[in-house]
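Asker: here is a sequence with its predicted model. Questions after.
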Amino acid sequence: MAKSKLKLEARELREKGESIIIISKKLGISKSTVSKWCRDIVLSEEQILKLLNNKSLGLKKAQLKGALVQKTRRLARIEEYVLEGCKKF
């Protein structure tokens, strides 16, 4: 796709309230390029609140994923200790 078409599509998505990251993933271009192309677009109050809400949901998902990873590691470590203790006993 030509750069001009990509730029127009990126601007349309941004005007609809999409985040820079989502646009870059959808179009397969860098975030910095999307940011430069859409720098002059002003978002509405509603669009800004939607983006902030999505950001906080993403943060919460990442926190839960990290907690699950830590729990899995801890349980694996405990299982190793139990097996090692059984061998020594």
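Answerer: Here it is on my side, so go on.
Asker: what sits against the residue most central in space within the chain?
Answerer: Geometric centre of the chain, nearest residue: Gly58, 6.0 Å, by CA atoms, centre = their mean. Contact analysis of Gly58 by CB atoms under 8 Å, 6 or more residues apart in numbering lists nothing. C-beta coordinates here come from the backbone N, C-alpha and C atoms, glycine included.
Asker: any idea which element it lies in?
Answerer: helix 45-88 (DSSP states H and E).
Asker: swap in Ile29?
Answerer: Per DSSP H and E, there is no helix or strand for Ile29.
Asker: could you look up the SS state of the spatially closest residue to it that is not a sequence neighbour?
Answerer: Residue nearest to Ile29 in three dimensions, not counting chain neighbours: Leu6, with 6.2 Å by CB to CB, 6 or more residues apart in numbering. Judged by DSSP: H, G, I helix; E, B strand; the rest coil, the three-state class of Leu6 is helix.
Asker: what is the burial count for Leu6?
Answerer: 17 (other CB atoms under 10 Å).
Asker: okay, the residue nearest to the centre of the chain and Lys5: tell me how far apart.
Answerer: Going from Gly58 to Lys5 by CB to CB, to the nearest Å gives 29 Å.
Asker: same check, this time on Cys38
Answerer: Distance from Cys38 to Lys5, by CB to CB: 15 Å.
Asker: more neighbours: the two, which one.
Answerer: Neighbour count, other CB under 10 Å: between Cys38 and Lys5, Cys38 has more, with 19 against 10.
Asker: now do the contacts for the more buried one.
Answerer: Ala10, Arg11, Arg14, Ile20, Ile23.
Asker: over to Leu51?
Answerer: Gly17, Ser19, Leu43.
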